[in-house]
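Student: coords please:
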Amino acid sequence: MRRIELALTMILLAGLAVLAACSGTAGDSTDAGAGTASDGFDGTVRLGAAVSETGKFAAEGKDTRQGYDTWLQWVNDVNGGIRVGEERYRAEIVYYDDESDAGTAESVARRLIDDDGVDFLLGPYSSGLTTPTSAVAEANGVLMVEGSGTSDAMFERGFENLFLVATIASDYTLSSIEALAASGARTAVIAHEDTSFATAVARGAARHLEANGIEVLATEAYAEGIEDVTAIMTTLRDLDPDLFIGGGHYNDAVLFVSSAKEIGFEPDGMLITVGPSNPRLVAELGRDAEGVIGPTQWEPSMAYAGPYFGTAADYADYYESLWGEPPVYQAASATAAALALHLAIEAAGSIDTDAVRAALRELSADTFYGPIDFDERGVNVGKPMGTVQVLDGKIVVVAPDGAATGELRYPLG
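Tutor: Residues are numbered from 1 along each chain as shown. From the prediction side, this is the model:
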């Protein structure tokens, strides 16, 4: 979409954002452009999603839902629905709050399938919640397309109904480590949450460090939900590494940076999996976040583009017109997951599960989020991971070279 067209669309749709922003209570559905066949649609494609409206993933859950609802607003009100053969279907998404809890997420998935009769599922935030919900989807023969459950272990189960548009967890740190090694880093320590996602990130990081000539001095795992990492950070500080690598989620990033500041741990580089790409981290930690490095699935400045949403920057403008804030990559990942499912339905010309699954496996698309090309596991192998660094209070893409808008600052001193 050209920018002038996008601007006009923003004006028309900005008022609709309030409708899509309602909280995720039981049975809550967002149905942008909703109506019946008399409104110009021939039918409905009903999607379901567990989202973290409450609990420890509430921040990421909000971004995930807004990402899904960005696609929903666009597909119904801009694209004219989903083309299914010669007909046009409106899209609807039914939401329930999974409370950031795996057991609740599993129950939500069952409810969406058994009670709400959804045609397809979109994934929740995090590997910990995607693991049980995808198992329910697989057992019931329902397709799930997602952008936040990246643990390698999920794609070693032989599932045929799970598809991931994001880069898999073990490769989260690849471009970061390559850039840091090229800048002279030679030793590293790793701390990670003892969960499937963070463990996969840590194992992948250890492999990438070794491949790039960086020695791993120590690896420390800690329990999920930890509230104090001082002892771990003190142990790692005393090893005097060049790099600290932290694997976890947003709250872990806050703990890592705050604890390092408190105990005087000043490695030449800090690479943390989730947090540095989120403006909330800079707002919360201020100058303490300066120089922190992190992987990113997507940034508005990246040179990605496609026939849907336009460029990465166009997508960011459209998203901000709806929500009054710029998108973080978790939101873009959610939009891309819904878009991939949409494209597969159109390619199949049907909402039949087998036909749409086959179309997903054959899908090859350039999008605002990057290339989408699923392998036999259901993992998108078309899109590389990016790296950002907080520089002068701004989040700057510093790797890989083809996506970078600034230079990596290493060492920080």
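Student: Asn212: neighbour count?
Tutor: Using other CB atoms under 10 Å, Asn212 has 17 neighbouring residues. All C-beta spots, glycine's among them, are computed from the backbone N, C-alpha and C.
Student: what helix or strand is the closest residue in space to it that isn't next to it in sequence on?
Tutor: Nearest in space to Asn212, with sequence neighbours left out and distances taken as CB to CB, 6 or more residues apart in numbering, is Ala181 at 3.8 Å. If you go by DSSP states H and E, Ala181 is part of helix 174-182.
Student: Pull up the pairing partners for the very next helix or strand once past that helix, direction included.
Tutor: Where DSSP H and E defines the elements, the next helix or strand beyond helix 174-182 is strand 187-193. The strands beside strand 187-193 in its sheet (DSSP bridges) come out as strand 215-222 (parallel), strand 243-247 (parallel).
Student: need the contact list for Thr219.
Tutor: By CB atoms under 8 Å, 6 or more residues apart in numbering, Thr219 lies in contact with Val189, Ile190, Ala191, His192, Ala202, Ala206.
Student: And it, how close does it get to Asp171?
Tutor: 18 Å (CB to CB, to the nearest Å).
Student: how is this protein carved up into domains?
Tutor: If you go by automatic domain parsing, the domain ranges for the chain are 3-167+300-373, 170-296+386-399.
Student: hmm, back to that, can you lay out the strands paired with strand 187-193 as TSV showing distance to Val379 and mean pLDDT?
Tutor: Formatted as TSV, the strands paired with strand 187-193 follow (distance: least, CB to CB, whole Å; pLDDT from 0 to 100):
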stretch	distance to Val379	mean pLDDT
strand 215-222	25	98
strand 243-247	19	97
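Student: out of the ones you listed, deepest packed?
Tutor: Most buried of the strands paired with strand 187-193, by mean neighbour count (mean count of other CB atoms under 10 Å): strand 243-247, with a mean of 29.
Student: for the residue nearest to Asn212, what are its contacts?
Tutor: Residues in contact with Ala181 (CB under 8 Å, 6+ apart) are Asn212, Gly213, Ile214.
Student: per-residue pLDDT, it?
Tutor: Note for Ala181: predicted pLDDT of 98.
Student: ditto for Thr405
Tutor: pLDDT recorded at Thr405 is 88.
Student: in what helix or strand does it lie?
Tutor: Using DSSP H and E, Thr405 falls outside every helix and strand.
Student: count of residues packed around it?
Tutor: 13.
Student: cool, Val390 as well?
Tutor: If you count neighbours by other CB under 10 Å, Val390 ends up with 26.
Student: so what's it scoring on pLDDT?
Tutor: The predicted structure lists Val390 with a pLDDT of 97.
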